[in-house]
Structures are given as C-alpha cells and as structure tokens.
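# generate coordinates for the sequence data below:
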Amino acid sequence: YSVSDAVATYYLYMKYIHPFIFSLCTILPLGGDDVLRKGTGTLCEMLLMVQAYQGEIVLPNKHVSPKESFWDGHLVDAETYVGGHVESIEAGVFRADIPVNFAVDTGAVDELLRDLDAALKFSIEVEEKKSLNDVTNYEEVKEQIAARLNQLKETPNRNERPLIYHLDVASMYPNIMTTNRLQPDSMIQESDCAACDFNRPGKTCDRRLPWAWRGEYLPAKRDEYNMIRHALENEKFPSKWPNGPPRTFQDLTEDEQAGLIRKRLTTYSQKVYHKIRDQTTIVREAIICQRENPFYIDTVRDFRDRRYDYKGKAKVWKGKTEALRSSGAPTQEVDNAKKMIILYDSLQLAHKVILNSFYGYVMRKGSRWYSMEMAGVTCLTGATIIQLARSLVERLGRPLELDTDGIWCMLPATFPENFAFKLKNGKKLAI
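Residues are numbered from 1 along each chain as shown. All right, here's what the predicted structure looks like:
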C-alpha cells in the first residue's frame with residue numbers, strides 16, 4: 001500500500017474523471033454511481049430509450065441471435081462485417097527536418113487549382129460561417145496559394161523537407177450516419193418497399209449502399225447437415241437429473257440441439273474435408289429508407305452539434321485565460337477561467353464518448369436497436385472515403401499510415417500551408 005499512489009489516483013480522478021462523470025449525468029437519465037459503473041453501450045441504450053419515449057416510439061425488444069443460420073447451404077459458425085480500413089504503408093521514424101524525395105503528379109496539382117475557388121469558399125462560408133463579402137484580401141490569398149501550387153507543378157521531382165500531417169475526418173461515423181440517414185429502423189428489404197405507399201417509378205426514398213459481409217461457415221453441405229440431424233434424432237441422450245429416463249433429441253432444448261449438431265458437424269467436416277471452417281467475404285447491398293422516423297439520426301445530430309458547441313466554448317475560454325494571464329489579472333480570475341476550460345472540455349468529452357457509441361451500439365449483443373447492415377454500411381463508406389483520400393495524397397506526397405478515420409502523410413514543404421484572410425471588422429481568419 002502506497003499513500004503517494006492513493007493520493008495521485010485521487011488527484012487524477014478529481015481533476016479528469018469526476019467532472020467528466022457529472023458531465024455525462026447532464027446527458028443521461030442516470031445518477032453518478034450508475035454512470036461510473038455502466039459500459040458505454042448501456043449508457044447509449046438508456047439515452048436512446050428516453051429519446052424514443054419522448055418521440056412516442058415503441059421500444060423494440062432486445063435482439064436475440066438466431067440459433068442457426070445458413071449461407072449457400074453451409075451452417076454459419078460466425079458472421080460479421082468488414083470493419084474500418086487500417087494500413088501501414090511506410091515504417092520508420094519521420095521528421096520534418098530530414099529531406100525526402102517527392103514525385104508530384106502535375107495532374108493532381110491541376111485538379112487542386114481548378115477546385116481552389118470552391119475549396120476557399122467552402123472554408124469561409126461553411127466551416128467558418130463568414131460571408132465572402134466580409135473578406136478584403138480574397139484574391140490576394142488565392143493568388144499566393146496558386147503561385148505555390150504552380151511552383152510544385154514546375155518541378156514535380158524534388159528533394160526537400162516534408163510537412164508531416166495527420167489528415168483527420170471530423171466525427172466520421174456520426175457524419176456518415178446523419179448524411180445517409182443511417183439508423184437501425186431504416187434498414188429494410190425489397191418486400192418492405194413493394195408494400196409501401198410511396199413505391200412509385202423514379203422514387204428516391206430508398207438509398208442503396210454496399211456493405212461487406214464476412215462469414216465463417218462449416219464446409220459440410222446442407223444434405224450432410226440433414227443426414228447428421230436425422231442420425232441425432234434416432235439417438236438417446238442422458239437425462240438432466242440422476243437416474244432419470246434418457247431423453248430423445250426432441251426432448252432437448254433448442255440450444256442443446258443446435259450445440260449437438262454443430263459439434264457433430266465440426267467432427268464430420270474435420271474427417272471428410274480436413275478442415276473445420278471456411279471463410280468468405282461478400283459485398284451486399286443495403287436499402288436505407290429515407291422516410292423512416294428519424295429519431296435515432298436526430299439524437300446523433302443533436303449530440304454532434306452540441307459537442308461542437310462545447311468545443312468552441314472551451315476554445316473561447318482558453319483564449320480568455322491567456323488574455324487574463326498576459327494582462328496580469330488576479331490569480332482568482334485566472335483560476336476561475338481555468339475551471340471553465342475543464343468544465344467545457346469534460347462536457348465535450350462526455351458527448352464524444354456517447355457520440356462514438358451510437359455506431360458501436362448497433363452491433364452490441366442484446367441491444368434494442370441492432371443492425372449488422374447499418375454497421376457494415378457505415379464502415380465500408382468510411383473505408384472508401386479514406387482510400388479515396390489516400391489516392392489523392394499519393395499523387396501529391398507520400399501517405400505513411402491509414403487509420404480508420406485519418407491519414408498520416410508527408411507533403412513537400414513547398415505545398416501551400418497556412419494563410420490568413422483579413423475581414424472588414426479588422427479581425428483575421430486563419431486557414
């Protein structure tokens with residue numbers, strides 16, 4: 001037992017975890033003890049149940065996996081979906097002061113020059129929420145960026161210091177879900193569309209997106225499964241209780257029947273096919289109804305926006321703290337400002353934890369809103385975005401590593417980096 005360890009643990013808990021737990025309590029219908037004890041999946045379900053109740057939506061029953069499922073006549077042992085794309089492209093230690101060889105594709109530079117106007121307008125109007133008319137030096141900044149890009153184009157093969165970046169997609173999975181209205185209730189079949197009142201030629205309310213299904217199955221075929229099941233039906237099995245009468249196959253529970261068939265079929269596959277299981281990956285198409293009650297999506301969107309709001313407020317208070325410190329304000333004021341940073345930071349972290357659970361929750365065992373299709377579509381869409389980004393980075397610099405929602409890469413030092421727009425009110429807008 002170490003007193004210093006106990007004190008350090010208590011200090012770390014009070015500084016980081018305590019405000020975080022109470023921040024979660026402001027979101028979830030639970031007390032501090034329950035929030036601290038329960039996993040993110042349970043917390044997510046609690047929140048969704050409250051949202052569904054407020055929207056007068058009947059809560060679905062907990063998901064129960066089928067005892068047996070088949071693929072192409074084979075008994076499925078385990079099924080899942082292909083997750084996010086992760087890949088290590090270059091290994092080693094990378095530093096911004098060690099020159100690297102680059103081979104820039106001039107075609108990619110031409111594409112950047114062509115889209116420059118649209119990219120700058122998006123950055124000002126959408127990301128920063130400012131009007132283009134308020135910017136006084138738009139053309140000047142645009143020309144500076146274009147000059148740097150043309151410099152790259154003139155000498156595409158270069159040896160220079162790299163700019164090492166991690167290009168991150170902001171709230172990737174929540175944004176994919178909100179953009180495509182992806183929610184467990186919206187995953188439908190052709191038969192649902194056929195019976196729908198809105199099923200007319202040229203309808204656009206059935207968004208179709210691919211997802212990759214991965215299944216492990218026993219090599220034995222359906223006729224062999226039937227043969228083994230038939231053999232088991234003619235056998236007798238020990239009683240549940242001592243000295244009880246033997247049981248027939250029909251007397252066993254569904255779980256016991258499925259377990260026996262699986263065990264016998266595994267032994268049979270090993271003897272006949274010399275392997276226990278096979279694996280396959282198939283790209284399937286999911287239909288996402290765009291007319292379904294969007295309570296799940298609305299919950300995700302509200303959370304995402306509220307998190308951005310708290311993140312912005314934490315940034316504002318960081319600025320205020322620096323200003324107070326540099327102006328020589330009393331210690332009490334600086335400490336109060338620091339507390340506001342911790343408050344907003346723990347609130348944004350609390351929202352981040354729940355926000356990231358909305359995706360994982362749909363594949364949780366026994367969840368009320370379960371959907372393998374939705375999880376698969378979310379992951380494959382994310383993997384496609386990352387691989388498209390990688391193909392562009394490869395033409396301009398060198399990708400180092402692909403993460404689920406970002407890329408570590410090196411770009412030539414000549415590549416345009418930081419610029420500032422001047423606004424009519426005298427402020428600067430950095431991009």
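# identify the residue spatially nearest to the spatially most central residue of the chain, adjacent ones excluded.
Using CA atoms, centre = their mean, the residue of the chain that lies closest to the mean C-alpha position is Tyr173, 3.4 Å off. Closest residue in space to Tyr173, ignoring its immediate chain neighbours: Tyr359 at 4.3 Å, by CB to CB, 6 or more residues apart in numbering. Just so you know, the C-beta spots here come from the backbone N, C-alpha and C atoms, and that holds for glycine as well.
# next, that neighbour: phi, psi?
The phi and psi torsions at Tyr359 (degrees, to the nearest 10) take the values phi -80, psi -50.
# tell me the spacing between it and Glu56.
Distance of Tyr359 to Glu56, given as CB to CB, to the nearest Å: 25 Å.
# tell me the mean pLDDT over whichever strand or helix holds Arg301?
Secondary structure assignment for Arg301, by DSSP states H and E: helix 295-326. Helix 295-326 shows a mean pLDDT of 90.
# same for it, what does it pack against?
helix 40-54, helix 172-179, helix 331-361 (3 or more CB pairs under 8 Å, 6 or more residues apart in numbering; DSSP states H and E).
# SS state for the residue located most distally from the centre of the chain?
The centre of the chain is farthest from one residue, Asn243, which by CA atoms, centre = their mean lies 55.1 Å away. Three-state call for Asn243 (DSSP: H, G, I helix; E, B strand; the rest coil): coil.
# just say helix, strand or coil for Ile287.
strand.
# is it in a bridge, and if so with what?
Ile188, Arg208 (DSSP bridges).
# how close does it sit to Ser191?
In terms of CB to CB, Ile287 sits 10 Å off from Ser191.
# and the two? which has more neighbours close in?
Ile287 (17 against 8; other CB atoms under 10 Å).
# show me the contacts for that one.
187-190, 192-193, 206-208 (CB atoms under 8 Å, 6 or more residues apart in numbering).
# check it and give its pLDDT.
pLDDT at Ile287 comes out at 95.
# quick one: stretch 59-72 to chain centroid distance?
24 Å (CA atoms, centre = their mean, to the nearest Å).
# touching, the residue nearest to Tyr173 and Thr381? I think so.
No - using CB atoms under 8 Å as the test, Tyr359 is too far from Thr381 to be in contact (11.4 Å).
# please enumerate the helices of the stretch 101-250 of the chain.
Applying DSSP state H, counting those that start in this stretch to the stretch 101-250 of the chain gives helices spanning 106-114, 116-121, 138-154, 172-179, 190-194, 222-233.
# which of those helices sits most buried?
Most buried of those by mean neighbour count (mean count of other CB atoms under 10 Å) is helix 172-179; its value is a mean of 20.
# neighbouring contacts of it?
By CB under 8 Å, 6+ apart, helix 172-179 touches 169, 182-183, 297, 300-301, 303-304, 355-356, 358-359, 374, 378, 381-382, 385, 404-405.
# make a ChimeraX selection of whichever of those residues turn out to be buried.
Buried members of the contacts of helix 172-179, defined by 16 or more other CB atoms under 10 Å, are picked up in ChimeraX with:
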select :169,182,183,297,300,303,304,355,356,358,359,374,378,381,382,385,405
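# picking that back up, how much space is there between the residue nearest to Tyr173 and Gly41?
With CB to CB as the criterion, Tyr359 and Gly41 are 11 Å apart.
# cool, and Glu394?
37 Å.
# and for Met340?
For Met340, the distance to Gly41 - CB to CB - is 31 Å.
# return the most buried member of the helices and strands packed on helix 295-326.
Comparing the helices and strands packed on helix 295-326 by mean count of other CB under 10 Å gives helix 172-179 as most buried, with a mean of 20.
# chain center to it, what's the gap?
8 Å.
# export that helix as PDB, just CAs?
Taking Å, rounded to 0.1, in the frame of the first residue of the first chain, the C-alpha atoms of helix 172-179 are listed here in PDB:
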ATOM      1  CA  MET A 172     -16.500  10.400 -39.400                       C
ATOM      2  CA  TYR A 173     -19.000   7.800 -38.400                       C
ATOM      3  CA  PRO A 174     -21.700  10.100 -36.900                       C
ATOM      4  CA  ASN A 175     -21.400  12.300 -40.100                       C
ATOM      5  CA  ILE A 176     -21.800   9.200 -42.400                       C
ATOM      6  CA  MET A 177     -24.900   8.200 -40.300                       C
ATOM      7  CA  THR A 178     -26.500  11.600 -40.500                       C
ATOM      8  CA  THR A 179     -25.700  12.200 -44.200                       C
END
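# still on that earlier bit, turn the helices of the stretch 101-250 of the chain into TSV, including distance to Gly312 and mean pLDDT.
Shown next, in TSV, are those (distance: least, CB to CB, whole Å; pLDDT from 0 to 100):
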stretch	distance to Gly312	mean pLDDT
helix 106-114	29	92
helix 116-121	22	91
helix 138-154	24	91
helix 172-179	17	92
helix 190-194	41	92
helix 222-233	58	94
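# which one of these lies nearest to Gly319?
helix 138-154 (23.5 Å; CB to CB).
# buried ones in stretch 386-404, by neighbour count?
In stretch 386-404, counting by 16+ other CB under 10 Å, buried: 386, 389-390, 392-393, 396-403.
# pull the most distant pair out of those.
Leu396 and Asp403 (18.7 Å).
# related to what we said a few turns ago, need the helices and strands packed on helix 295-326 in a markdown table with distance to Lys221, can you?
Shown next, in a markdown table, are these (distance: least, CB to CB, whole Å):
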| stretch | distance to Lys221 |
| --- | --- |
| helix 40-54 | 37 |
| helix 172-179 | 38 |
| helix 331-361 | 35 |
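# quick check: which of these is nearest to Leu112?
helix 172-179 (22.7 Å).
# and the closest one with helix 295-326, angle?
Angle, helix 172-179 to helix 295-326, by axes from the mean of the first three to the mean of the last three CA atoms, to 10 degrees: 130 degrees.
# helix 172-179 to helix 331-361, inter-axis angle?
70 degrees.
# contacts only, for the residue nearest to Tyr173.
So Tyr359 contacts 173-174, 177, 375, 378 (CB under 8 Å, 6+ apart).
# okay, those in CSV with distance to Val76 next?
Shown next, in CSV, are these (distance: CB to CB, whole Å):
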residue, distance to Val76
Tyr173, 26
Pro174, 31
Met177, 27
Ala375, 17
Thr378, 22
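# who touches Gly406 in this structure?
166-169, 386.
# could you rerun that using 10 Å?
Contacts of Gly406 were listed using CB atoms under 10 Å, 6 or more residues apart in numbering, and they are 165-170, 172, 386, 389.
# mind checking the backbone torsions on it?
phi -170, psi 170.
# any idea of the pLDDT on the closest residue in space to Ala413 that isn't next to it in sequence?
Once flanking residues are discounted, Ala413 sits nearest to Arg161: 4.5 Å by CB to CB, 6+ apart. pLDDT for Arg161: 93.
# I am finished for the moment; much appreciated.
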